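Visitor: got a structure for you, letters missing:
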């Protein structure tokens with residue numbers, strides 16, 4: 001029976017959250033993406049993470065063609081920065097590879113579906129141990145090898161990320177799918193430079209990053225999909241406006257192999273890959289996915305560009321990023 005198994009697992013995880021000296025260990029050090037500390041149990045073992053279990057606006061999701069609406073009122077996203085380049089620290093958190101932007105580097109996000117100004121806090125990288133998985137979001141069931149998420153907090157309403165996470169319209173996350181290509185995007189390559197990756201092999205390790213250009217990281221497209229969702233890690237707060245760009249960023253196979261040699265444990269512990277750090281998709285429920293792509297125009301080849309018809313019947317999904325894009 002399922003209930004006794006779940007009850008046993010909850011008790012076991014709660015016991016594991018106590019170290020050998022009988023002291024409680026912070027939950028942030030215990031959650032993972034697999035097993036008895038994985039997504040299935042996030043909302044069961046910690047009352048502060050109840051949204052992971054009961055939330056109706058959870059992320060990530062699978063983008064299905066017949067659920068996407070063209071919204072002519074969606075405008076392009078806009079970055080406003082006091083510098084073309086930024087500095088920060090690349091950290092192996094044990095959950096993902098995070099680039100924390102220095103406080104003095106102010107990068108603001110407006111436009112798109114947003115009503116407020118949002119400030120960049122960090123970039124988080126999710127990826128898989130094999131090419132057929134790794135991204136948190138998926139497109140018609142297809143998963144990409146990785147996903148880079150740029151996390152912004154609402155600077156108009158809140159003082160910092162922690163406060164924004166607890167508030168309404170607190171966060172905006174831009175998602176860039178990562179696809180295998182012949183070469184790595186130059187700015188992504190700068191972030192994941194060979195020596196730098198070697199310095200963040202284990203959990204807690206960090207390396208400085210200088211002169212990172214956010215604009216050069218982005219694929220050349222104004223098109224995106226957007227929906228209301230949540231953080232994809234505990235506490236799964238449902239305060240995120242997601243903006244998923246319609247073209248991927250490329251990474252070489254060699255660079256992806258290097259990423260797959262990073263570990264989620266500290267040095268000296270049993271080595272467990274950092275890869276496969278993605279949460280399974282959640283139900284869309286009653287939410288609407290919108291896009292700024294319009295089928296009424298045609299591309300250079302004379303083919304109709306995709307959009308949603310007023311009757312909400314999806315004409316084609318050929319615009320969605322594909323494995324061969």
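Guide: That came in fine, so what should we check first? Everything numeric here is computed off the predicted structure, so don't read it as measured data.
Visitor: which one is residue 60 nearest to, not counting chain neighbours?
Guide: Closest residue in space to residue 60, ignoring its immediate chain neighbours: residue 136 at 3.9 Å, by CB to CB, 6 or more residues apart in numbering. Just so you know, the C-beta spots here come from the backbone N, C-alpha and C atoms, and that holds for glycine as well.
Visitor: Quick check: that neighbour vs residue 128, distance?
Guide: The span separating residue 136 from residue 128 equals 10 Å under the rule CB to CB, to the nearest Å.
Visitor: Mutual contacts of the two, please.
Guide: Shared contacts of residue 136 and residue 128, defined by CB atoms under 8 Å, 6 or more residues apart in numbering, are found at residue 278.
Visitor: Would you map the helices across this structure?
Guide: Defined through DSSP state H, the helices belonging to the chain, from first to last, are 2-16, 39-45, 51-54, 161-165, 186-191, 194-199, 214-217, 253-259.
Visitor: Out of the ones you listed, which one sits most buried?
Guide: With neighbours defined as mean count of other CB atoms under 10 Å, these peak in mean count at helix 39-45, which reaches a mean of 20.
Visitor: so where's the stretch 1-150 of the chain shaky on pLDDT?
Guide: Flagging of the stretch 1-150 of the chain using pLDDT under 70 yields the residue ranges 1-27.
Visitor: can you give me the strands for it?
Guide: According to DSSP state E, counting those that start in this stretch, the stretch 1-150 of the chain carries its strands in the segments 62-63, 68-70, 77-81, 86-92, 97-101, 107-111, 118-127, 138-139, 142-143, 146-154.
Visitor: Mind checking the ones you listed for the one nearest to residue 269?
Guide: Closest approach to residue 269 among the strands of the stretch 1-150 of the chain is made by strand 86-92 (13.0 Å; CB to CB).
Visitor: just checking, what packs against that closest one?
Guide: Under the contact criterion of 3 or more CB pairs under 8 Å, 6 or more residues apart in numbering; DSSP states H and E, strand 86-92 touches strand 97-101, strand 206-212.
Visitor: Also compute the angle for the shortest one relative to strand 118-127, please.
Guide: By that I understand strand 97-101. With axes from the mean of the first three to the mean of the last three CA atoms, to 10 degrees defining the directions, strand 97-101 sits at 160 degrees from strand 118-127.
Visitor: CSV please, covering the helices and strands packed on strand 86-92 and showing distance to residue 70 and mean neighbour count.
Guide: Rendered in CSV, the data for those read as follows (distance: least, CB to CB, whole Å; neighbours: other CB atoms under 10 Å):
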stretch, distance to residue 70, mean neighbour count
strand 97-101, 33, 20
strand 206-212, 34, 15
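Visitor: Looking at those strands, spot the one closest to residue 231.
Guide: Nearest to residue 231 among the helices and strands packed on strand 86-92 is strand 97-101 (13.4 Å), distances taken as CB to CB.
Visitor: partners of the residue lying closest to residue 205 once chain neighbours are set aside in the sheet?
Guide: If the residues on either side of it in the chain are set aside, residue 205 comes closest to residue 92, at 5.1 Å by CB to CB, 6+ apart. With beta bridges defined as DSSP bridges, residue 92 has these partners: residue 97.
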